[in-house]
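Participant: Pasting the sequence and the predicted model now:
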Amino acid sequence: MNIQLIDKKFLTTKNNLTVKFLTKEKLQKAKFRKTLQKAGFDASQDSIFTMHGKSLLFCGIEDYSTDNLRSVCAVVAKAIKSFDYKSVSVDVDEKNLKAVVEGFVLGGYEFNEYKTKPKKKKIKNLYLTCRDVKALQNEFESAIITAEATCFTRDLVNTTPDDLNPPALAKIAKKLAKQNSLECKVLSKKELKKEKCNALLAVGRASRHDSKLIHLAYKPKNAKKIISLVGKGLTYDSGGLSLKPATSMVTMKMDKAGACAVLGIIKAVSELKLDVEVHAFVGAVENMIGGDAYKPDDVLTSRKGDTIEVRNTDAEGRLVLADVLDYAQDKVKADYIFDFATLTGACMVALGQYTTGIMGHNGNLKHNIRRASGKAGELSASLPFNKHLKKQLKSDIADICNISNKPYGGAITAGLFLDNFIKDENKERWLHFDIAGSAYTESPWDVNVYGATGAGVRMMTQFLKDIKE
Ligand code: BES
Ligand code: ZN
Ligand code: ZN
């Protein structure tokens with residue numbers, strides 16, 4: 001669907017469906033109140049009613065908050081897919097513009113790459129009507145960029161593991177770099193060996209696809225801050241020799257969601273032309289089984305030099321991130337380092353599947369990120385570190401163990417494992433985002449449809465925008 005911001009007076013109403021927001025209060029005074037109530041429409045949040053005779057679509061909202069407007073627009077975007085109108089129009093102002101754009105773009109998202117019969121889309125245009133196009137143009141373009149970057153991330157995550165393997169992800173990163181004038185470096189297996197990324201390489205050893213470390217950089221002239229983003233890019237996580245049960249393995253193509261989020265964020269930031277330097281580091285690896293697979297009982301020497309006892313090959317993300325975080329810290333002296341990873345099932349147990357878990361030492365930074373996440377419409381919560389949980393990673397034979405020796409607090413112990421690879425000078429600069437629950441869904445919620453959600457993109461883009469301001 002083509003989205004345009006237009007002056008209200010230029011709207012052609014012929015074959016156009018007009019969307020109207022109604023609160024319960026407004027419904028009492030609405031022109032068509034009796035008909036609406038007869039149809040059972042009570043203006044409750046996310047309820048909709050279409051009066052085709054009048055070409056009007058009413059949608060219920062609790063209030064005019066951004067979250068509620070975004071959510072109902074997503075419902076509308078889905079409902080109108082089968083409607084036979086030429087266009088749809090919604091009145092917008094500076095307050096609701098972003099929510100309406102995100103609701104329609106993200107709620108109307110479909111991933112049809114593997115469908116052989118294309119769906120016919122009848123509604124060609126979505127007109128956002130306003131009084132002063134000039135005043136809203138920047139905000140409109142910015143909302144479109146962020147929403148499309150989120151869809152870009154979703155497309156990548158939704159792509160099957162056989163199509164999107166580590167070399168394929170490197171190719172996509174190179175293409176993005178070319179399109180958006182970013183610097184791009186891809187480390188081959190040979191170069192990764194030279195860099196002593198032994199933990200990362202061990203995870204990918206049984207795969208038929210070579211592991212890659214991808215580094216993209218966006219360097220504007222007047223950068224106010226330097227940000228390093230690190231993404232877990234497990235293009236497939238079978239669990240390795242500590243093989244996942246059949247039902248848990250399904251959806252593990254999403255284990256690259258951290259990497260895809262990081263690519264989506266750098267895409268958004270470079271298109272928004274923000275005054276922040278952003279580096280995206282991705283560890284692209286496939287965790288498979290075979291005669292060459294790394295094993296429980298192995299001891300790996302990480303790039304940092306610390307030895308890691310492997311007791312479970314399914315706790316592979318942290319091994320990959322250990323090396324990528326170390327590499328990123330050596331290559332770029334950043335003001336902030338943020339890693340995104342579908343790291344633990346335990347994060348979902350702790351917070352539910354809708355919420356991103358945020359971990360790190362800097363309370364103030366966590367607070368600011370959480371504010372940006374709320375503003376952007378993503379759910380997040382802080383999971384606190386403590387010294388007792390850290391002891392659970394002790395190994396009898398190596399410097400650290402890749403799993404905890406107790407079954408509780410698994411999201412935090414995974415975060416603490418990563419913390420072991422953060423240099424002292426960066427402790428306060430680093431945050432870890434566990435998006436295991438929030439990155440993927442098999443039942444729609446809010447602006448999310450089946451599959452990848454693009455978790456992290458809107459939240460981090462908002463945070464980086466606020467730095468600029
Ligand atoms: N990729 C998984 C985590 C995950 C689970 C993401 C479910 C999304 C949905 C990760 O590599 C993993 O398998 N973690 C293990 C860690 C355990 C072995 C300590 C887990 O969560 O069970
Ligand atoms: Zn795993
Ligand atoms: Zn994993």
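Facilitator: On my side now, so go ahead. Ligands and ions are numbered 1, 2, ... in the order given.
Participant: what's the burial count for the residue of the stretch 251-400 of the chain found nearest ligand 2?
Facilitator: Going by Cβ to the ion, ligand 2 is nearest to residue 314 of the stretch 251-400 of the chain, at 3.7 Å. Where you see a C-beta, it was placed from the backbone N, CA and C, and this is true even at glycine. Residue 314 sits with 19 neighbouring residues when counted by other Cβ atoms under 10 Å.
Participant: nearest spatial neighbour of it, skipping sequence neighbours?
Facilitator: Nearest-residue entry for residue 314: residue 239, 4.0 Å, with adjacent residues in sequence omitted and distances by Cβ to Cβ, 6 or more residues apart in numbering.
Participant: Confirm residue 338 sits in a strand?
Facilitator: Yes - assessed by DSSP: H, G, I helix; E, B strand; the rest coil, residue 338 belongs to a strand.
Participant: and it, bridged to which residues?
Facilitator: Beta bridges link residue 338 to residue 229, residue 431, judged by DSSP bridges.
Participant: Skipping its backbone neighbours, what lies nearest residue 354 in space?
Facilitator: Using Cβ to Cβ, 6+ apart and skipping residues adjacent in sequence, the residue nearest residue 354 is residue 379, 5.1 Å away.
Participant: Please apply the same query to residue 223.
Facilitator: Residue nearest to residue 223 in three dimensions, not counting chain neighbours: residue 277, with 3.9 Å by Cβ to Cβ, 6+ apart.
Participant: Which residues are in contact with that neighbour?
Facilitator: Residues in contact with residue 277 (Cβ atoms under 8 Å, 6 or more residues apart in numbering) are 217, 218, 219, 220, 223, 225, 226, 227.
Participant: Show me just the buried residues among those residues.
Facilitator: Buried subset of these (neighbour count, 16 or more other Cβ atoms under 10 Å): 217, 218, 223, 226, 227.
Participant: tell me which element the fourth one is part of?
Facilitator: If I follow you right, that is residue 226. strand 225-237 (DSSP states H and E).
Participant: Tell me if the following helix or strand past that strand is near ligand 1.
Facilitator: Downstream of strand 225-237, the first helix or strand assigned by DSSP H and E is helix 246-249. No - with Cβ under 6 Å from any ligand atom as the criterion, ligand 1 is not reached by helix 246-249; the gap is at least 6.8 Å.
Participant: what's helix 246-249 in contact with?
Facilitator: 237, 238, 239, 243, 345.
Participant: Let's see that with 10 Å instead.
Facilitator: Helix 246-249 has contacts (Cβ atoms under 10 Å, 6 or more residues apart in numbering) with 236, 237, 238, 239, 243, 314, 345.
Participant: Determine the angle, from 0 to 180 degrees, between the helix or strand just after it and strand 225-237.
Facilitator: The helix or strand immediately downstream of helix 246-249 is helix 257-272, counting by DSSP H and E. Inter-element angle recorded for helix 257-272 and strand 225-237: 140 degrees (by axes from the mean of the first three to the mean of the last three Cα atoms, to 10 degrees).
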